[in-house]
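In: Predicted model and sequence below, questions to follow.
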Amino acid sequence: MSDLRVCIVSAVYHLSLGGLGRQAQLLSEKIHEKGVKIFVITRKMKGIPEQDYRKDIEIIRIWTPCANVSVLEEVGIKSLLISLFFSLGCAWNLFKKRNAYEIVHFHGARAALFFNIPVLKLLGKKILAKVSAANHALEAGSLKGNYLFLGNLLAWLVRKVDIFIATSDEIRNSLLHDEITGDKIVRIPNFIDMSKYSAIKDTQKDILKGQFGIEGKIIVTFSGRIVPRKGVEVLLRAWDRITKEFNNAFLLILGSGSSLHEMGKIVSMLKMEESVNFLGWRSDTNDFLNITDIFVLPSLQEGMPNSLLEAMAFGLPCIASRIGGAVDVIEDGISGILFESGNMSELASAMVRLLKDEKLRKRLGEEARKRIEDSFSIDSIANEYVKLYQKLIA
């Protein structure tokens, strides 16, 4: 497989910088293990947790303004400047190292992709782009008819991409809306490295709960960025009903983001401080998933949510919005429960159902782990990418 030479472009490339950065790093390393020659272009960032990277994968880090900013979901001057500098840095390095790769694999189909399509086509390179979410900011799949004339222009430009990766049917449909032909869209889901996730026994869970000072409680957990599209407000307002019916339920919220302060005010307004704890960003998320009894993902917009895959890999019963990749992962009533996005009453009813029924929690959790083992392992997904690379250069 020495003839496969791939450049990975991902604005974030770190296990702790959200699903996109985690998927980019883990997939690159696994594909490299399978014999593909890889190098990575990413942003130079500061203030992020230290981590060991593989020494045999070259990582080129591009300087951009605001090097401490990792979430670029909101359109504004700051995001625009970061994207511009990163795109220019990518273009220079892609030209400079033009003999080191045949395929460029973009994680995220945004500014860096748009800017570099003409460069890569002039160089005769193949382009593969993974779309992070449907109808998501300025990204392929959300262009046609938006942003005045710019959206249609970009929609025309991205049709020059050789292959798009859609992690969900929702993303595939959004790409079709941008008039990208179906033969250019490949469905490959996100993945989980099952070796890193294993459920603990109930007795161990009780001991851990005691260490965290929440013994005797049924723990409901949300993990993700605290930004509007994650639907944390929907969860908190649904939790108001839970506090009135259950005195043994406790909500953990893991993550940070632009809406954190606002969510704290909602908890105070509803007088739920005794049953809700904001833990901020954590590097030890797995410890808290180990003490979790129910996992909730109330997102209003998603691609293929890594936090949901991880919770299911732990064998947790999960409740998720009926959107994006959640629909592709959870078989409603079999490996989890789905509710209509934004519907606080339906979410509250689903939580009540699981809080009351321990046997149902156990059954859904067992099916959830089996679902991830069967269909979302990192090894099988990496093999799909290798086959796709081979097809691109054949």
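Out: Noted; the coordinates are in hand. Because the structure is a prediction, the values reported are computed rather than measured.
In: can you pull out the strands in the chain?
Out: Using DSSP state E, the strands found in the chain span residues 5-10, 37-43, 58-62, 103-107, 126-130, 163-166, 185-187, 218-223, 249-254, 276-280, 294-297, 318-321, 337-339.
In: pLDDT (mean, whole number) over the longest one?
Out: The predicted model gives strand 37-43 an average pLDDT of 97.
In: can you offset everything so residue one is 11?
Out: Okay, using 11 as the starting number, the last item reads as strand 47-53.
In: Now do that strand and strand 113-117, the angle between them.
Out: 40 degrees (axes from the mean of the first three to the mean of the last three C-alpha atoms, to 10 degrees).
In: hmm, who's touching strand 47-53?
Out: 12, 14-23, 34, 38, 41-42, 67-72, 74, 77, 92, 96, 99-100, 103-104, 107, 110-111 (C-beta atoms under 8 Å, 6 or more residues apart in numbering). C-betas here are computed from N, CA, C, even on glycine.
In: Drop anything exposed from those.
Out: If you count burial by 16 or more other C-beta atoms under 10 Å, the buried members of these come out as 14-23, 34, 38, 41-42, 67, 69-70, 72, 74, 92, 96, 99-100, 103-104, 111.
In: Tell me which residues of the lowest-mean-pLDDT helix or strand in the chain come out buried.
Out: Lowest on mean pLDDT, DSSP states H and E among the helices and strands of the chain sits helix 212-221, with a mean of 78. The neighbour-count criterion (16+ other C-beta under 10 Å) identifies 215, 218-219 as the buried residues of helix 212-221.
In: Using CSV, lay out the residues you listed together with distance to Ile87.
Out: Output for the buried residues of helix 212-221, formatted as CSV (distance: C-beta to C-beta, whole Å):
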residue, distance to Ile87
Lys215, 47
Leu218, 45
Lys219, 45
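In: for Phe260, what are its contacts?
Out: 224, 227-230, 285-287.
In: just the buried members of those residues?
Out: 227-230, 285-287.
In: Mind listing the residues bridging to Ile229?
Out: Beta-bridge pairing of Ile229 under DSSP bridges involves Phe260.
In: need the contact list for it.
Out: So Ile229 contacts 219, 260, 262, 301-304 (C-beta under 8 Å, 6+ apart).
In: and it, how far is that from Met322?
Out: 16 Å (C-beta to C-beta, to the nearest Å).
In: Domain map for this protein?
Out: Following automatic domain parsing, one gets these domains for the chain: 15-201+387-403, 204-385.
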